[in-house]
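Visitor: Pasted the sequence and its predicted model underneath.
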Amino acid sequence: MTKSLPRVLIVDDNPADVCLVREALAVTERESEVSSVGDGVEAMSFLTRKEKFADAFCPDLVILDLNLPRKDGQAVLASMKAAPALRKIPVVIFSTSQLPKDIVRSYELGANCYVRKPGNLNEFFYAVRSIEDFWFGFVNLPPRGE
Amino acid sequence: MSGAATQLGTQTPPQPGLKLRALLLEDNALDAALVVRALFKDGFDVKAHVVQDEAAFTNALRDDSPEVVLADYNLPTWKGMEALKVIRQEGLDIPMILVSGALGDVTAVECIKQGATDYVLKDGLARLPEVIRRALREKEERSLRRKVQEDLARKADELARSNADLEQFAYVASHDLQEPLRMVTAYTQLLAERYRGKLDENADKFIGYASEGALRMQVLIQDLLAFSRVGRNGSTSNSVDCNAVMAEVLQTLSPAIRESGAVVTCGTLPTVWADRTQVAQVFQNLIGNAIKFRGKEPPAVSVQAEKSGEQWQCSVSDNGIGIDSEYVEKIFVVFQRLHARDEYPGNGIGLAICKKIVERNGGKIWVESQPGCGSTFKFTLPSHDPEGEEVAR
């Protein structure tokens, strides 16, 4: 039963943002399994199930912030898209940056979409709900490679 | 030779004189002595160094730092005018006076054209002291002028740098302030949503105030960012057809125009030399204001233009509430508002942005208005490329 729940990995160094995304996901009708990590190095360990993440799930979707300690979001994105086992996982860049260079570079590196983190709660919830609806309700995702 | 000169140089002048380090380019020892004597007689406490050729001249120039060079026009191995080139090569500003047995007027004029300060004939040496005094005076004035110019350039540099710093600061500050503020906004809203009616009445009110404050601050920061962005992203000037710009602006403003029942009339507008997006922003802000600050009547807005010298002067007139003459300057300052927020919403950024844009594009903006009788905002923009125009001249 739990296996069929959509699995989301949030990569964000701001606990308040992680909490907001979790809240936003929690208020939707669709249940989901959510994990979060606070920097890019941890994100890669999680995705490759290294060390303390040996039992981590393989996410169906990664919600990735750009500005991260140690290894930034674009570096995580580049590593994911270079790894055969990870490149099929859709990555949503979720960032406050509206700089064209950030947006363009993210798509160049293979981001599946780029969503601005809104400043307003309702817009924030709407953005997260839209991401969830689109990726888990509308599109066909690749089968999980457990 | 320099021995003779030095000997003369040790004589005590008649009165305590003006100290002078002179470099003489002269092959005739007697002539050199006569020159030095002429200066002594006039009260110069002269220290003369006499040389005959390029090598010695260059060395003396470097070692003695002379205040004046007195050069014979004709030398056995060198030319007096060549000395001028050496002085320039050394990057020095030392007056050079030709002292010559015979020098035709044409040659003399040519020498002065090439940069000699003056010339004195050997049989008219009595004139030399005054020539030297004038040369030193002129040099003093030159260096003073140079210093003033350098000071001015440095101050302009400092000002430009400090302006750039300030803009960078405003940008970084407003950008970085957004992040924590986003959290305050989101979580006060979440509190309001989750706990409304579950605490007590005061709690609801407090959360409401906090939440409104945070939202307002977000808008302020966004406005400040928009203001500091003017020109940051490298505005590019082009020929801009204001008629096309105006059509787009009216399209953008059409909801406000419809809702207010405004009538916007528009004369034939010029082609100006400016940044297109920025020109659109100015028209949009001015017409938007004309509609916003309306009186009881539906807004009637007129956009016109006329040539004013090298520039076009555009005007946006309305029949709105007008502005007291006391405030005609203040309204262009960032975040200055004249009305209560519930009367006329806004943060007071629109006109500040207009002013910044117009001035960055080489124009001016001002308002003519009377309370109750509407306002006319006027601004100027260059009619064409400043460089292109110079080529055309």
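Guide: Perfect, I can see it now. Residues are numbered from 1 along each chain as shown, chains lettered A, B, ... in the order given.
Visitor: the strands in the chain, which residues?
Guide: Since no chain was named, I'll use chain A. With DSSP state E as the criterion, chain A has strands at A:7-11, A:33-37, A:61-64, A:91-95, A:113-116.
Visitor: my bad, chain B
Guide: Using DSSP E, strands in chain B cover B:18-25, B:44-51, B:68-72, B:96-100, B:118-121, B:238-241, B:263-266, B:271-274, B:300-308, B:311-317, B:365-369, B:375-382.
Visitor: Looking at those, which is nearest to B:Val109?
Guide: Closest of the strands of chain B to B:Val109 is strand B:118-121, at 9.3 Å (criterion: CB to CB). Where C-beta positions appear, they are placed from N, C-alpha and C, glycine not excepted.
Visitor: Mind putting the strands of chain A into a markdown table with distance to chain B?
Guide: What follows is the strands of chain A, written out as a markdown table (distance: least, CB to the nearest CB, whole Å):
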| stretch | distance to chain B |
| --- | --- |
| strand A:7-11 | 15 |
| strand A:33-37 | 16 |
| strand A:61-64 | 16 |
| strand A:91-95 | 11 |
| strand A:113-116 | 11 |
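Visitor: Among these, which comes closest to B:Ala226?
Guide: Going by CB to CB, the one of these nearest B:Ala226 is strand A:113-116, 16.2 Å.
Visitor: Outside of that closest one itself, list whatever touches it.
Guide: A:90, A:92-96, A:98, A:103, A:106-107, A:127, A:130-131 (CB atoms under 8 Å, 6 or more residues apart in numbering or on different chains).
Visitor: Go again with 10 Å.
Guide: A:63, A:66, A:90-98, A:102-107, A:123, A:127-128, A:130-131, A:134-135 (CB atoms under 10 Å, 6 or more residues apart in numbering or on different chains).
Visitor: now those: which count as buried?
Guide: Buried members of these, scored by 16 or more other CB atoms under 10 Å in any protein chain shown, are A:63, A:66, A:90-97, A:102-103, A:105-106, A:127-128, A:131, A:135.
Visitor: of all of the stretch 1-150 of chain B, which residue lies closest to chain A?
Guide: B:Glu150 (39.3 Å; CB to the nearest CB).
Visitor: Centroid-nearest residue for the chain?
Guide: This is for chain A. In chain A, the centroid-proximal residue (CA atoms, centre = their mean) is A:Ile63; its distance is 1.5 Å.
Visitor: My question was about chain B, not that one.
Guide: B:Ala156 (6.0 Å).
Visitor: Kindly tell me how buried whichever residue of the stretch 251-393 of chain B sits closest to chain A is, as a neighbour count.
Guide: Nearest residue of the stretch 251-393 of chain B to chain A: B:Thr277, at 14.6 Å (CB to the nearest CB). Using other CB atoms under 10 Å in any protein chain shown, B:Thr277 is surrounded by 13 other residues.
Visitor: repeat for the one 10 residues further on
Guide: Residue neighbour count, defined by other CB under 10 Å, stands at 26 for B:Ile287.
Visitor: Contact residues of chain A facing chain B?
Guide: A:14-17, A:19-20, A:23-24, A:27, A:67, A:96-97, A:100, A:117-125 (CB under 10 Å from any CB of the partner chain).
Visitor: Which of the residues you listed fall in helices?
Guide: Those of those mapping onto helices are A:15-17, A:19-20, A:23-24, A:100, A:121-125, per DSSP state H.
Visitor: contacting residues for B:Ala116?
Guide: B:Ala116 neighbours (CB under 10 Å, 6+ apart): B:69, B:71, B:73, B:80-81, B:83-84, B:95-98, B:108, B:110.
Visitor: Export those to CSV and append columns for neighbour count and pLDDT.
Guide: Below are these laid out as CSV (neighbours: other CB atoms under 10 Å in any protein chain shown; pLDDT from 0 to 100):
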residue, neighbour count, pLDDT
B:Val69, 26, 92
B:Ala71, 27, 90
B:Tyr73, 19, 83
B:Gly80, 24, 81
B:Met81, 17, 85
B:Ala83, 26, 88
B:Leu84, 20, 88
B:Pro95, 23, 92
B:Met96, 25, 91
B:Ile97, 22, 92
B:Leu98, 25, 89
B:Ala108, 17, 83
B:Glu110, 13, 86
